[in-house]
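**Student:** below is the sequence, then the predicted model.
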Amino acid sequence: MKLRLFAILFAVLLTGFVASSNAQTAQVDTINVPATYIESPMRCSIILPEKYLEEDDSTRYPVVYLIHGYDGDYSSWLKLTEPQLDSLATEYNMIFVCPDGRDSWYWDSPVIPELQMESFITKELVPYIDKTYRTIPVAEKRAITGFSMGGHGSLWLAMRHPDLFKSCGSMSGGVNINKPKWAKSWKMATRIGTQEEYPQRWVDYTVITLVPNLNPGELNIVVDCGVDDFFIGVNRELHEELLKYKIPHDYTERPGRHTHPYWRNSLRHHLLYFHEIFNK
C-alpha cells in the first residue's frame, strides 16, 4: 500500500514538473520563416512574455528585434549572450525576435543574389511576425538592436527604414566598416566586393555615412561600446558625427571588451531605454 501511494505521489510530482517545464520553454518559440529574398527558410527564435501564454490574454505587445554578430546564428542571443531572455520578455512585457543573420552584415548583397537580407527583414520578416504574433504593428512600438555586426545591422536597417523601426541601438557595433585594416575581415568583401575594386561601395554601405540623411528626432538611438573594445574608435566617430548633425542619441562608454558578458549587461540598458519609449 505504501509503495502504491509513493508511486502515485511520484507520478503527480513528475506530471507537475513536466507541466512546469513545458510552460517555461513554451515562452521560446523556434520557427521557420518563408523567404524569397534569401535562401528559404529563415530560422528564428521568438521569446514571448509569460502573460502572452495565458488563455484569456488578448494583449498586443511591442517587439524588439535582437540581431547577432559575425559567426553567430539565430540562437546566439539565447545560448551565448543572455539565456534569461524569457525572464526579460516578461519583465519588460515585450516580444523578442532573434533572426539568423547568415554573416550578411544585414545588407542586400550586390554580389550574392540569394543574400538580400535587408529586403528579407524589412519586407518579409517584420510582416510575418506581425501576422503570426500579437504585436503592436507600428514603428513606434518596434525596436531593433544588436551587437558587433548586429550593431551595424540594427542602425543600418533603422536609419534606412524609419517607417518600420522608430527605435534602434548598437552594442559594440562595427559602425564604420570603411577602414583598410578591416578590408578583408568578417566576409565583408565577399558580400559587397573588395575595397580595392569598389571603394565607393565601402563608403555607401557603412552606417556612419547615413547620419547626414537623418532628421533630428526621427529615430530614438542608443549606442554603447566598451572602452577596451577594438570598435571603440569607430563608435566615438559615430557619436561625434551624430553630434555634428544635432541628432539626439544616448551614447555610453563603459569598461569592457568585445564579449558576450559585456553585451549581456548592455542589453538591460537598451531594453530599459526601449521600455520607457514604448510606454510614453
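**Tutor:** Thanks, I have it. It should be emphasised that the depicted structure is a prediction, and the values quoted were computed from it without experimental measurement.
**Student:** how far away is residue 204 from residue 79?
**Tutor:** 34 Å (Cβ to Cβ, to the nearest Å). Every C-beta, even on glycine, is put in place using the N, C-alpha and C of the backbone.
**Student:** the helix or strand residue 130 falls within - what's its average pLDDT?
**Tutor:** Assigning secondary structure by DSSP states H and E places residue 130 in helix 126-132. Per-residue pLDDT over helix 126-132 has a mean of 97.
**Student:** ok, the nearest residue to residue 210 once chain neighbours are set aside - contacts?
**Tutor:** Once flanking residues are discounted, residue 210 sits nearest to residue 159: 4.4 Å by Cβ to Cβ, 6 or more residues apart in numbering. Going by Cβ atoms under 8 Å, 6 or more residues apart in numbering, residue 159 touches 168, 207, 210-211, 213-214, 219.
**Student:** next one: residue 31
**Tutor:** 43-44, 46, 132.
**Student:** so how far is whichever strand or helix holds residue 251 off the chain centroid?
**Tutor:** Element membership of residue 251 [criterion: DSSP H and E] is strand 250-254. Centroid displacement of strand 250-254 relative to its chain, using Cα atoms, centre = their mean, to the nearest Å, is 18 Å.
**Student:** now do stretch 81-90
**Tutor:** Using Cα atoms, centre = their mean, the offset of stretch 81-90 from its chain centre is 13 Å.
**Student:** what's the answer for stretch 95-110, then?
**Tutor:** For stretch 95-110, the distance to the chain centre is 9 Å (Cα atoms, centre = their mean).
**Student:** my guess is residue 238 is in a helix, correct?
**Tutor:** Yes: counting by DSSP: H, G, I helix; E, B strand; the rest coil, residue 238 is found in a helix.
**Student:** not counting its neighbours along the chain, what's nearest it?
**Tutor:** Nearest to residue 238 is residue 175, by Cβ to Cβ, 6+ apart, at 4.6 Å.
**Student:** what helix or strand is that neighbour on?
**Tutor:** Residue 175 belongs to no helix or strand, assigned by DSSP H and E.
**Student:** before we move on, what about residue 169?
**Tutor:** strand 167-171.
**Student:** and the next element down the chain from that strand?
**Tutor:** Sequence-wise, the next helix or strand downstream of strand 167-171 (DSSP H and E) is helix 188-192.
**Student:** ok so, going back, so of the contacts of residue 159, which ones are in strands?
**Tutor:** Mapping those onto strands (DSSP state E) picks out residue 168.
**Student:** got the contacts of residue 159 as TSV, with distance to residue 237 and neighbour count columns?
**Tutor:** Listed next are those as TSV, based on distance: Cβ to Cβ, whole Å; neighbours: other Cβ atoms under 10 Å:
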residue	distance to residue 237	neighbour count
168	18	29
207	10	26
210	13	17
211	10	20
213	17	10
214	15	19
219	18	20
